[in-house]
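In: mind folding the following:
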Amino acid sequence: MYRHRRRRRRGQAYSASVRGDSADGMSSDIDDLDDGDHGDDNDDTLGVRRIGDDVSDVGSTGGGMNGLYGDLRGGAVRGRKGDAAMSDTGRTALLSGQQLLADRPHLISLWSYGCAESDGRTASCMGWNEQNSDLLASGYGAFTFGADDEAGLVHLWSPKNPMYPERTYHTKSGVVSLDFGSVHPHLLAIGMKSGSVAIYDVRDRTERPSFESQHSLGKHSEPVWGVKWVRKGVSEGDQRLVSISSDSTVCQWSMKKGLVPHEIMQLKRIPNRANAPFEPKHAETISRQASGLCFDFPSNDESQYYTGTEDGIVHKCSVSYNEQTLENYFGHTGPVYQVRCSPFLPDAFLTCSADWTSCLWTQKITKPMLVFESGKDYVTDVRWSPVNSCVFGTVSRDGRCEIWDLDQSPHDPVISHKVTRGFGPDKVEPKLSSVLFSPVAPVIMTGSEDGRIDVFRVNGVDLTTEWSRDEQVNRLDDAIYEHSNVDYQGSAQVAGAQAVGAAGADQPSGTLQININ
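Out: Next up, the predicted model:
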């Protein structure tokens, strides 16, 4: 098949400018702006002015995450008080070892978010506020069966005080998903293990939710594994809340008369082609419905979305057509725990599964473009880097946090880090449940089953260079094209094919040729 774009040479540099570290840190402190009143200068509670206004951004004294680790410049070697008494040979050996560590990609532990109230509860989900990147929400709730009666928590954290949250919301059931609004950043939606959905206004100092689903108005009957605020069109200043549950339904919620669900999809069970060699020819299905575990919307299209199911299948669905899926993707042999659309290349999305793998897909091909496997345990979460289109992170049940760079290699992670607690015989490796990149700094965070959220500085992986959006798209396109064993035309290749077709080539304009080996 004719390639409309020359393959990029390995190691070819892209024009970019390096972002400098700002002195005022990642963002400002979280001050009291409830109802427009700044309150006491020493009051570090949070607030949002009014609907649609920015989250508080007042009065910084070098706080914020970036300010706290600004001195860590690529793992630079620093002298210590005891170095004066060290021999020249010992000092040389020490500096050589430190430089060797600094040259290798690695994670540096910065601090942990945690308090007595969250100890022992699984940090199931995390999310940044889009208007104030210092404001972190974390949800706590057990994933295991038999813990249905366990109450849940939501903490709102500031990096100024990682040992005590700015605000706490107690829930009757464990929290398994959450999402901050983008149009209305003061709204925080949560999904619970009981099937309930609730919306909190972070300007309200009480623990009572502004909206909560009720049996009388309709609610999910099983855990709500995903909630997401979705814009109603690019030009409209409004958003809708969508949720997915293991009761097989995807719902859109109305807030005009309480919190009322409208079912936009019921997932139906179909045979998983990836499991075909291991299943009997006449296998009977117990249920006709498929349990939904995760979903995500492409960055450029609010009318379509991808869902991951307990059967290991990924479905492409439409918000306006609830009878049938648009496409089905086969590759996983275990439950799909997360699906994440690329923030740069709308056609690309990642998944992670209990089959020990993560996969990279494109919407036009129903089998994985790339499969990533480096361990022998469940991969519980996956996240794209918000600043480098080729970088993503994963966490697994055996305590591994891994960072992959498709621009370097699709076969091995550039960083594989074991999160541990204690030392010597008391050393333990907690199960990891969630992962999140900072949107403005080279930082990655992991949530674990013991209730701690660990914050790490990422060294040796480019999370500070600024590329244009076109460069980001081309870099990821090239990485998929170069490493995949599937004959692939990315978005740039398709645009080239259309241009050639319009100029009178044999292939009609807009035709996409995909040959699967």
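In: quick one: Ser196 and Ser173 touch, right?
Out: Yes - assessed by C-beta atoms under 8 Å, Ser196 is found in contact with Ser173 at 6.4 Å. No exception for glycine: its C-beta is placed from N, CA and C like everyone else's.
In: in the chain, where is pLDDT below threshold?
Out: 1-102, 143-149, 233-237, 276-287, 487-517 (pLDDT under 70).
In: and Trp229, what are its bridge partners?
Out: On the basis of DSSP bridges, Trp229 takes part in beta bridges with Leu241.
In: just give me the neighbour total for it.
Out: Using other C-beta atoms under 10 Å, Trp229 has 20 neighbouring residues.
In: also Leu107?
Out: Using other C-beta under 10 Å, Leu107 has 23 other residues around it.
In: check Phe423 too.
Out: As a burial measure, Phe423 scores 7 neighbours (other C-beta under 10 Å).
In: do Glu429 as well
Out: 15.
In: then Gln324?
Out: Neighbours around Gln324, by other C-beta under 10 Å: 10.
In: swap in the one 5 residues further on?
Out: By the criterion of other C-beta under 10 Å, Tyr329 has 27 neighbours.
In: give me the beta-bridge partners of it?
Out: On the basis of DSSP bridges, Tyr329 takes part in beta bridges with Val314.
In: measure it to Ser353 for me?
Out: Distance from Tyr329 to Ser353, counting by C-beta to C-beta, to the nearest Å: 12 Å.
In: now swap in His417 and tell me
Out: 21 Å.
In: what's the answer for Asn275, then?
Out: Asn275 sits 12 Å away from Ser353, going by C-beta to C-beta.
In: these two - which one has more neighbours?
Out: Comparing Asn275 with Ser353 by other C-beta under 10 Å, the one with more neighbours is Ser353, at 24 against 17.
In: show me what contacts the residue lying closest to the more buried one once chain neighbours are set aside?
Out: Excluding the flanking residues, the one nearest Ser353 by C-beta to C-beta, 6 or more residues apart in numbering is His332, at 4.3 Å. His332 makes contact with Ala274, Gly312, Ile313, Val314, Thr351, Ser353, Asp355, Thr357, Cys359 under the criterion C-beta atoms under 8 Å, 6 or more residues apart in numbering.
In: burial count for Lys268?
Out: Lys268 sits with 15 neighbouring residues when counted by other C-beta under 10 Å.
In: please enumerate the helices of the stretch 151-300 of the chain.
Out: Taking DSSP state H, counting those that start in this stretch, the stretch 151-300 of the chain contains no helices at all.
In: show me where it has its strands.
Out: Along the stretch 151-300 of the chain, the stretches classed as strands by DSSP state E, counting those that start in this stretch are 152-157, 167-171, 175-180, 187-192, 197-201, 211-212, 224-231, 239-245, 249-254, 260-266, 292-296.
In: so Asp477: helix, strand or coil?
Out: Here Asp477 is recorded as helix under DSSP: H, G, I helix; E, B strand; the rest coil.
In: how many other residues sit next to it?
Out: 25.
In: how near is it to Phe330?
Out: According to C-beta to C-beta, Asp477 and Phe330 sit 23 Å apart.
In: ok, Arg400 next?
Out: Relative to Phe330, Arg400 is positioned 26 Å away (criterion: C-beta to C-beta).
In: before we move on, what about Thr357?
Out: According to C-beta to C-beta, Thr357 stands 13 Å off from Phe330.
In: just Ser433 next, same as before
Out: Taking C-beta to C-beta, one finds Ser433 at 26 Å from Phe330.
In: of these two, who's got more company?
Out: Using other C-beta under 10 Å as the criterion, Ser433 and Phe330 rank with Ser433 on top: 24 against 18.
In: I figured that one hits Ser138, correct?
Out: No - here Ser433 lies out of contact with Ser138, judged by C-beta under 8 Å, at a distance of 10.8 Å.
In: need the residues touching each of those two.
Out: Here Ser433 and Ser138 share the contacting residues Ala123, Gly447, scored by C-beta under 8 Å, 6+ apart.
In: could I have the CA atoms of stretch 240-251 written out in PDB?
Out: Output of stretch 240-251 as PDB, limited to C-alpha atoms (Å, rounded to 0.1, in the frame of the first residue of the first chain):
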ATOM      1  CA  ARG A 240     -24.300  16.900  30.600                       C
ATOM      2  CA  LEU A 241     -23.500  14.200  33.100                       C
ATOM      3  CA  VAL A 242     -23.200  10.600  31.800                       C
ATOM      4  CA  SER A 243     -22.600   7.400  33.800                       C
ATOM      5  CA  ILE A 244     -21.900   3.700  33.200                       C
ATOM      6  CA  SER A 245     -22.700   0.800  35.500                       C
ATOM      7  CA  SER A 246     -22.300  -2.900  35.700                       C
ATOM      8  CA  ASP A 247     -26.100  -3.100  35.400                       C
ATOM      9  CA  SER A 248     -25.400  -2.900  31.600                       C
ATOM     10  CA  THR A 249     -26.800   0.700  31.200                       C
ATOM     11  CA  VAL A 250     -25.300   4.000  30.200                       C
ATOM     12  CA  CYS A 251     -27.300   6.900  31.400                       C
END
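In: comparing the strands of the stretch 151-300 of the chain, which comes out most buried?
Out: strand 187-192 (a mean of 27; mean count of other C-beta atoms under 10 Å).
In: hmm, who's touching that strand?
Out: Contact with strand 187-192 is made by 137, 139, 141, 152, 154, 169, 171-181, 197-202, 210, 223-229, 241, 243, 245, as judged by C-beta under 8 Å, 6+ apart.
In: what do you get if the cut-off is 7 Å, keeping everything else the same?
Out: Outside of strand 187-192, the residues that reach it under the criterion C-beta atoms under 7 Å, 6 or more residues apart in numbering are 137, 139, 152, 154, 171, 173-181, 197-202, 224-227, 229, 241, 243.
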